[in-house]
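Trainee: Just to be clear, the model below is a prediction. Sequence and coordinates:
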Amino acid sequence: MTSPYQTAYQRSVDDPEGFWAEAAREIDWIKPADKVLDDSAAPFYRWFVGGELNTCHNAVDRHVQNGRAEQPAIIYDSPMTGAKRTITYAELKDQVSRFAGVLKGLGVEKGDRVIVYMPMIPEAPIAMLACARIGAVHSVVFGGFAAQELATRIDDAKPKAVVMASCGLEPGRVVAYKPLADKAIELATHKPEKVVVFQRPEQTGEMTPGRDHDWAEEMASATPADCVPVKATDPLYILYTSGTTGQPKGVVRDNGGHAVALKWTMKAVYNVEPGEVYWAASDVGWVVGHSYIVYAPLLNGNTTVVFEGKPVGTPDAGTFWRVIAEHKVSTLFTAPTAFRAIKREDPDGTFLEKYDLGHFKTLFLAGERSDPDTLKWAEDKLKVPVIDHWWQTETGWAICANPMGLEPMPVKHGSPTVAMPGWNVQVLDENQQPVKAGDIGALVCKLPLPPGTLPTLWNADQRFKDAYLVDYPGYYKTGDAGYIDENGYVYVMTRTDDVINVAGHRLSTGAMEEVLASHPNVAECAVIGVHDDMKGQVPLGFVVLKSGVSRDQGEIVKELVGLIRQEIGPVAAFKQAVVVDRLPKTRSGKILRGTMQKIADNQDYKMPATIDDPGILPEITEALEGIGLASHRTG
């Protein structure tokens, strides 16, 4: 007898149109699709062609109509300011329709682009939903992004308006957004006609007469706008992801497939019922924020948490537990980096003892590989299932997960479990041939991709093909390397670029990181390949020690070298590791291994636009100089 997961998965592969047509019944359509899957222009596949809907109606209005008017839609919790706010679905509808009216009053129409440049405040999702309401295409740029990076996105998206906050807050400092946005508009060739500024009391921004409009003043006089029908294939948003050329790639998300897929995931993947409190501790500037702070929970009739703070330091390593306890969160989705930070500060989990987590049922991790050590720590301390899952900006939702609503599966540490329905994941070698179970190769997904994934890049169809479809014809190239075991569990070991070649042996840096992370003194680690005249490349480890470890660092490094030799073998040629205070990361928690590699190999590097704290790179350089590497500075 087949299991519920196997039944769903097989149907999604054998009859994708039937499978997703059934899922589409959960969405309100103004006009049903003429064709569920249009493959006439392959490899450009389109879902729900001919269908019409409105994403904002599905996320907000229909819940007001169907009895959820007084249920909280958004809980805002900011340990940065001490502010807390609850917005019901009825209040959200009022604010979104008013702000949609503001945009219309400023000349924004269906199909126009709007850049949203905001921190984690409720006005960010309100602005996004207001765009969706009138059929405008939003492009959220992470608040505080450098002026040059914002200018690049303005020139690519060509927005009619920019919606922004005057500032954002980081522990110990205020980040002034307004001067950054003004500079970006000055640098950009395309000039947005209107800028709407939400003035925060922590720091207001200087207004440019004629162009800039005050959020509060405009809202006070706005005429609320109704939902506008859009085609299922019309773009809902553009989200820029870094490209190898330095020119960011504008990932496009459509309205129809996106609504269907995200609504489906809330039960099938996360096992969340309407009415529950769901918290994605991310930022609206990232794909996780789009999918699981804003759209999926609201499409599902959940209460979503908008949190402005950090896992540690706002004020301590118990912040996450306070939020879960206070707001009765049932499901948390965050990055493994957040949990490594908590584990480093509070290895014994003493902060947990202060809070009642009785409502909490599942922790989901994604964004970086979840190392088994962090997973086991979280399982041990929280006593709930801890689920690693794998997805990308481009995919919009999980490629692989443990489908908690379909059929919870045994957890295998180090694996995001199995391919989700709709995803035909395979492992191919350099000659595009399948490899046997357990062998590492390129992880690819057979076309067509399921609904909710990127149909193309913004105004760049050829670049879309070149970036994702050319290397493995008939497949989407994930850029990740890994293997599938004999039970169908997928293991994502590393980015394809991070498979290092040591004297002809292809080795995964992810596998080495797993071993280093298992050492009792290690809080966090990264492994890169550095140039070696004899072997081509050799691995080099960076380790951050747990809080309070006072042992001799040389001894710890010796033990780490021994561990890799024992677990992976002499073939790894792992002979060096350096102890550092912290690792350089993007604001979404990804470790900047490529930049570290360039520093180690004395290559010029550009300061990554997404870096969270540029001050870490000189520390990395100094540590590398201590072992005879890295003599360059940023180029």
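Mentor: In hand now; what should we look at?
Trainee: From the contact counts, what lies against the strand or helix carrying Ile126?
Mentor: Ile126 belongs to helix 123-134 when assigned by DSSP states H and E. With contacts taken as 3 or more CB pairs under 8 Å, 6 or more residues apart in numbering; DSSP states H and E, helix 123-134 sits against helix 55-56, helix 89-105, strand 113-117, strand 137-140, strand 161-165, strand 235-241, strand 303-307. All C-beta atoms are positioned from the backbone trio N, CA, C, and that covers glycine.
Trainee: between it and strand 303-307, how big is the angle?
Mentor: Put simply, helix 123-134 runs at 130 degrees to strand 303-307, going by axes from the mean of the first three to the mean of the last three CA atoms, to 10 degrees.
Trainee: so where's this protein shaky on pLDDT?
Mentor: Applying pLDDT under 70 to the chain picks out residues 242-246, 494-499, 501, 503-506, 534, 631-635.
Trainee: Would you map out the domains in it?
Mentor: Domain segmentation of the chain under automatic domain parsing yields 4-268+401-482, 503-625.
Trainee: Would you mind finding the most buried of the ones you listed?
Mentor: Highest mean neighbour count of the domains of the chain: domain 4-268+401-482, a mean of 20 (counted as mean count of other CB atoms under 10 Å).
Trainee: Pretty sure His213 sits against Val108.
Mentor: No - using CB atoms under 8 Å, His213 makes no contact with Val108, being 11.8 Å away.
Trainee: Give the intersection of the neighbour lists for those two.
Mentor: Residues touching both His213 and Val108 (CB atoms under 8 Å, 6 or more residues apart in numbering) are Lys194.
Trainee: which residues does the nearest residue to Pro16 once chain neighbours are set aside contact?
Mentor: Among residues not flanking Pro16 along the chain, Leu37 sits closest, at 6.1 Å (CB to CB, 6 or more residues apart in numbering). Contacts of Leu37 were listed using CB under 8 Å, 6+ apart, and they are 16-17, 20, 45-47, 448.
Trainee: Format those residues as CSV; extra columns: secondary structure and distance to Ser221.
Mentor: What follows is the contacts of Leu37, written out as CSV (DSSP: H, G, I helix; E, B strand; the rest coil; distance: CB to CB, whole Å):
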residue, secondary structure, distance to Ser221
Pro16, helix, 48
Glu17, helix, 47
Trp20, helix, 43
Tyr45, strand, 44
Arg46, strand, 40
Trp47, strand, 40
Pro448, coil, 47
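Trainee: between the residues you listed, which is closest to Arg593?
Mentor: Pro448 (31.6 Å; CB to CB).
Trainee: quick one: contacts for that closest one?
Mentor: 16, 37, 39, 42, 45.
Trainee: and with 6 Å instead?
Mentor: Contacts for Pro448 (CB atoms under 6 Å, 6 or more residues apart in numbering) come out as Tyr45.
Trainee: Could you do Ala59 as well?
Mentor: Counted by CB under 6 Å, 6+ apart, Ala59 has contacts 298-299.
Trainee: element containing the spatially most central residue of the chain?
Mentor: What sits nearest the mean C-alpha location of the chain, by CA atoms, centre = their mean, is Val288, with 3.7 Å. Applying DSSP H and E as the criterion places Val288 in helix 287-288.
Trainee: what's the answer for Thr478, then?
Mentor: strand 475-484.
Trainee: residues making contact with that strand?
Mentor: 427, 438-440, 442-446, 449, 468, 471, 490-496, 499.
Trainee: if you set the cut-off to 7 Å instead, what comes out?
Mentor: With contact meaning CB atoms under 7 Å, 6 or more residues apart in numbering, strand 475-484 is reached by 392, 427, 437-447, 449, 468-469, 471, 490-496, 499, 508.
Trainee: ditto for stretch 176-195
Mentor: Contacts of stretch 176-195 (CB under 7 Å, 6+ apart): 106-107, 117, 143-144, 147-148, 150-151, 154-155, 158-162, 164-168, 197, 203, 205-206, 211-213.
Trainee: Filter those down to just the ones in strands.
Mentor: The strands, defined by DSSP state E, take in 117, 161-162, 164-165, 167-168, 197, 212-213 from these.
Trainee: between the residues you listed, which is closest to Ala90?
Mentor: Out of the ones in strands among the contacts of stretch 176-195, the member with the shortest distance to Ala90 (by CB to CB) is Ala165, at 24.4 Å.
Trainee: So what sits opposite that closest one in the bridge?
Mentor: In this entry, Ala165 is beta-bridged to Phe198, by DSSP bridges.
Trainee: just checking, it touches Met120?
Mentor: No - Ala165 is beyond contact range of Met120, at 9.9 Å (criterion: CB atoms under 7 Å).
Trainee: measure Ile185 to Gly626 for me?
Mentor: 44 Å (CB to CB, to the nearest Å).
Trainee: Then Asp613 would be within a strand, right?
Mentor: No - counting by DSSP: H, G, I helix; E, B strand; the rest coil, Asp613 is not part of a strand but coil.
Trainee: Now it. Its backbone dihedrals?
Mentor: Here the main-chain torsion angles of Asp613 (degrees, to the nearest 10) amount to phi -140, psi 100.
Trainee: Kindly report the same for the one 5 residues further on.
Mentor: As for Pro618, its main-chain torsions (degrees, to the nearest 10) stand at phi -60, psi -30.
Trainee: what does the one 4 residues further on give?
Mentor: Taking degrees, to the nearest 10, you get phi -60, psi -40 for the backbone angles of Glu622.
Trainee: For the helices and strands packed on helix 123-134, could you give me TSV that also reports distance to Val578?
Mentor: Output for these, formatted as TSV (distance: least, CB to CB, whole Å):
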stretch	distance to Val578
helix 55-56	48
helix 89-105	49
strand 113-117	37
strand 137-140	36
strand 161-165	39
strand 235-241	30
strand 303-307	34
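Trainee: That's all I had, so thanks and see you.
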